[in-house]
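# The sequence isn't on hand, but the structure is:
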């Protein structure tokens, strides 16, 4: 069970987290869990084709294994953010373990942007991490990680729910590969036709 459109009450419970960015006709495209060979490069090519910038929340272990792809993300002028080293669930992790995992990722990902895996983070984790990071959540989930839906549903999830300032989540992962690579070009084409433009999230 997940919310495609983040409900207002959830945003109000965690007001110190960034759920959207109030800007006119601007959207913020983000990708979680990479870099992954055979997926991240394809996404980068699509973004280049549409001349769109995005923000990639990277897992430290994947950066260590795929440094050339990580370098390409930066070289192509996209933003990067910390997504922990081992993709930890904050609700299931001891406080020190979680914070240290973020620090381990920071050894490889130089950024003051952080997104908790699964969107799950505890109150004390928030208090500690927000001293050093902007904690970036989201306004719209594509659902590309969901193996029960297809690319058409991912497209609909995004197009039906975005508004100016929305932070949109896709995934550069093997699990999401088929859905993200099929849906992303359609989403970009449609939203650009609607006069939106895309920006990366700034630190």
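On my side now, so go ahead. As the structure is a prediction and not an experimental result, all values here were calculated from the model.
# As a check, name the ranges of all strands in the protein.
Taking DSSP state E as the test, the strands found in the chain are 26-32, 55-58, 79-82, 113-114, 134-135, 140-141, 167-171, 197-198.
# what lines up beside the fifth one in the sheet?
Looking at strand 134-135 with DSSP bridges, its paired strands and their directions are strand 113-114 (parallel).
# Output the strands of the chain as a markdown table; include the columns distance to residue 67 and mean neighbour count.
C-beta here means a position set from N, CA and C on the backbone, and glycine is covered the same way. Below are the strands of the chain laid out as a markdown table (distance: least, CB to CB, whole Å; neighbours: other CB atoms under 10 Å):
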| stretch | distance to residue 67 | mean neighbour count |
| --- | --- | --- |
| strand 26-32 | 17 | 25 |
| strand 55-58 | 11 | 28 |
| strand 79-82 | 13 | 24 |
| strand 113-114 | 19 | 23 |
| strand 134-135 | 25 | 19 |
| strand 140-141 | 29 | 22 |
| strand 167-171 | 20 | 24 |
| strand 197-198 | 26 | 16 |
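# For residue 125, find the nearest of these.
When the strands of the chain are compared by CB to CB, strand 134-135 sits nearest residue 125, at 9.3 Å.
# Go through the strands of the chain and name the closest to residue 190.
strand 26-32 (11.5 Å).
# what's the angle between the closest one and strand 167-171?
Counting by axes from the mean of the first three to the mean of the last three CA atoms, to 10 degrees, strand 26-32 points 30 degrees away from the direction of strand 167-171.
# tell me what strand 26-32 is packed against?
Contacts defined by 3 or more CB pairs under 8 Å, 6 or more residues apart in numbering; DSSP states H and E place strand 26-32 against helix 40-50, strand 55-58, strand 167-171, strand 197-198.
# repeat that for 7 Å
strand 55-58, strand 167-171, strand 197-198 (3 or more CB pairs under 7 Å, 6 or more residues apart in numbering; DSSP states H and E).
# Including mean pLDDT and distance to residue 153, could the strands of the chain go into JSON lines?
Converted to JSON lines, the strands of the chain look like this (pLDDT from 0 to 100; distance: least, CB to CB, whole Å):
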{"stretch": "strand 26-32", "mean pLDDT": "98", "distance to residue 153": "18"}
{"stretch": "strand 55-58", "mean pLDDT": "98", "distance to residue 153": "23"}
{"stretch": "strand 79-82", "mean pLDDT": "98", "distance to residue 153": "26"}
{"stretch": "strand 113-114", "mean pLDDT": "98", "distance to residue 153": "28"}
{"stretch": "strand 134-135", "mean pLDDT": "98", "distance to residue 153": "28"}
{"stretch": "strand 140-141", "mean pLDDT": "98", "distance to residue 153": "12"}
{"stretch": "strand 167-171", "mean pLDDT": "98", "distance to residue 153": "13"}
{"stretch": "strand 197-198", "mean pLDDT": "97", "distance to residue 153": "22"}
